[in-house]
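*Asks:* Give the three-dimensional model of this entry:
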Amino acid sequence: MYRSLLFIICSLFSLSQLFAQRTIVGKVTDCEGAPLTGATIIVKDGNLGNVTDENGFYKIALPQELDDPKTALVFSYFGNETEIVPIEDKDTINVKLREEHVDMGLIQVEKPVIYLYPEKQAEISLQVDFKGHLDFTYPPYENGWQVRAQPDGTLTDKNDGREHQYLFWDGKMQFSKEQTTYSSGFVVHKDSLVAFFQKYLPQMGLKPQEYNDFIVFWTPLMQKNEWNFIHFRTGIAYEAISTNIVHPKPDTEIRVFMEFAKVAKPFDIPAQELSTPQRKGFTLVEWGGAALEAVRFTVPHIIIKEECPGIEKYPTRCIGPAKPFNPEKI
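*Replies:* Numbering: from 1, shown residues only. Below is the predicted model of the structure:
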C-alpha cells in the first residue's frame, strides 16, 4: 500500500514537471515610455506568440521544452526596430522599441498638371513655388508660364503660340518623416483602383476630363502592386509640396496630390474624410502624386487574417504582426 501511494505521488510529480510552464510577462513601450498596443512577441524559431494589450502588456506561457536560458523572444512593432531578448532566468521582460530610422531620400513628384478655366479669355501668368528641384516642364518654364486661357481650358503659350490642355511639371523633393506619417487613408486592391478613383476624385472636385487624365496616368503604375495605401493632400495640405503664384488670382483652387505606397496586406486604419469644393469664377485645378517607399501610421493598424498559427485567437479574429484593413471595396 505504501509503495503504491509513493508510486502515485512520484507519478503525479513527474507529470507536473512534464507539463510545467514558465510564464513571462512584461510591457512594451516606445523610447519615451508610451505603451505600444499590438506589438508582437514571438518565440524565436518557434510558433508561439502573443501581442500586447492597450496598455502595452503581454504574457507568454512557455512549455517546458522551450524553457531554456538560450530561448529568445522577438519583439516587433511596425515602424520600430525589432529587439531579440534571451529569456535567461527572467520571469519579467520589459522592452523599449526604438523608432526605426528610414531615410526617405529624394522622392519623385510625378506629373502635377494645372488646368486653368477663366470665365472669359484672359492673359494669365503662373509661377510654381516647388519645395524641391524641377526636372521637366511643358511648355518650357522660363521663370514662369505666360498663357492665354479660354473658358474651356484651352491654353496658348505666349512664347511659341502652341496650344496646350494643361501646364505640366515634375521634380524631386525630400519628404520628412512627418509628411509620410498618416492617421487615415485608404487601402485599395489593384483591381479596384479605377472604381475607387471614379468614386473619390469627383468628390474632391475633379471633372471627367481631369479625373480621366489622372486615372490613365496613375492606374497602370499602381496596378503593379497587389495592394496600395493611398492618402490625398488637398487644399492647404498641398502647400507642403508646392504653391502657385497666379495673376490674376483664381476665385477657386482645387488641388489634389496623391501619396501612395505598396503594402503587403490590407490593414485597419480610419478612412480619410474628403470634402467637395464648389467651382466659382476663375478656377484653377491641379493634380499630381508621388510613390513612397515607406509610410508610418499614428494609430494602431492591425492585420486581419483567417488563420494565425501560433498567435492568440479571438472570437471573431486573430491578431498578428502589426503591419499595414480598411480595404476599399467598390
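*Asks:* just so I have it, where are all the strands in the stretch 51-200 of the chain?
*Replies:* Ranges of strands in the stretch 51-200 of the chain, per DSSP state E, counting those that start in this stretch, are 57-63, 72-76, 83-86, 95-97, 106-117, 122-130, 133-138, 145-149, 155-157, 163-164, 167-174, 181-182, 186-189.
*Asks:* Would you tell me which of the ones you listed gets closest to residue 238?
*Replies:* strand 106-117 (9.3 Å; C-beta to C-beta). (C-beta placed from N, C-alpha, C; glycine too.)
*Asks:* CA atoms only: put that closest one into PDB for me.
*Replies:* This file holds the C-alpha atoms of strand 106-117, laid out as PDB (Å, rounded to 0.1, in the frame of the first residue of the first chain):
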ATOM      1  CA  LEU A 106      14.600  62.300 -52.700                       C
ATOM      2  CA  ILE A 107      11.100  61.400 -53.900                       C
ATOM      3  CA  GLN A 108       9.900  61.900 -57.400                       C
ATOM      4  CA  VAL A 109       6.900  64.200 -57.600                       C
ATOM      5  CA  GLU A 110       5.100  62.900 -60.700                       C
ATOM      6  CA  LYS A 111       3.100  64.900 -63.200                       C
ATOM      7  CA  PRO A 112       1.500  67.700 -61.400                       C
ATOM      8  CA  VAL A 113      -0.700  69.200 -64.200                       C
ATOM      9  CA  ILE A 114      -2.500  72.500 -63.900                       C
ATOM     10  CA  TYR A 115      -5.800  73.400 -65.700                       C
ATOM     11  CA  LEU A 116      -7.000  77.000 -66.000                       C
ATOM     12  CA  TYR A 117     -10.600  77.900 -66.500                       C
END
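*Asks:* Can you check what angle separates that strand from strand 167-174?
*Replies:* Calculated by axes from the mean of the first three to the mean of the last three C-alpha atoms, to 10 degrees, strand 106-117 forms an angle of 150 degrees with strand 167-174.
*Asks:* Tell me where the stretch 101-250 of the chain is predicted with low confidence.
*Replies:* 101-105 (pLDDT under 70).
*Asks:* rewinding a little: can I get the strands of the stretch 51-200 of the chain in JSON lines with distance to residue 224 and mean neighbour count?
*Replies:* Putting those into JSON lines (distance: least, C-beta to C-beta, whole Å; neighbours: other C-beta atoms under 10 Å) gives the following:
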{"stretch": "strand 57-63", "distance to residue 224": "37", "mean neighbour count": "17"}
{"stretch": "strand 72-76", "distance to residue 224": "27", "mean neighbour count": "20"}
{"stretch": "strand 83-86", "distance to residue 224": "33", "mean neighbour count": "15"}
{"stretch": "strand 95-97", "distance to residue 224": "32", "mean neighbour count": "18"}
{"stretch": "strand 106-117", "distance to residue 224": "14", "mean neighbour count": "20"}
{"stretch": "strand 122-130", "distance to residue 224": "26", "mean neighbour count": "16"}
{"stretch": "strand 133-138", "distance to residue 224": "22", "mean neighbour count": "13"}
{"stretch": "strand 145-149", "distance to residue 224": "33", "mean neighbour count": "20"}
{"stretch": "strand 155-157", "distance to residue 224": "32", "mean neighbour count": "19"}
{"stretch": "strand 163-164", "distance to residue 224": "29", "mean neighbour count": "15"}
{"stretch": "strand 167-174", "distance to residue 224": "19", "mean neighbour count": "18"}
{"stretch": "strand 181-182", "distance to residue 224": "21", "mean neighbour count": "16"}
{"stretch": "strand 186-189", "distance to residue 224": "13", "mean neighbour count": "21"}
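*Asks:* who wins for proximity to residue 33 among these?
*Replies:* Nearest to residue 33, of all the strands of the stretch 51-200 of the chain, is strand 95-97, at 7.6 Å by C-beta to C-beta.
*Asks:* That closest one - contacts with which helices or strands?
*Replies:* strand 21-30, strand 72-76, strand 83-86 (3 or more C-beta pairs under 8 Å, 6 or more residues apart in numbering; DSSP states H and E).
*Asks:* Now render those strands as JSON lines, adding distance to residue 227 and mean pLDDT.
*Replies:* Shown next, in JSON lines, are those (distance: least, C-beta to C-beta, whole Å; pLDDT from 0 to 100):
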{"stretch": "strand 21-30", "distance to residue 227": "27", "mean pLDDT": "89"}
{"stretch": "strand 72-76", "distance to residue 227": "20", "mean pLDDT": "89"}
{"stretch": "strand 83-86", "distance to residue 227": "28", "mean pLDDT": "92"}
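*Asks:* Brilliant, that's me finished.
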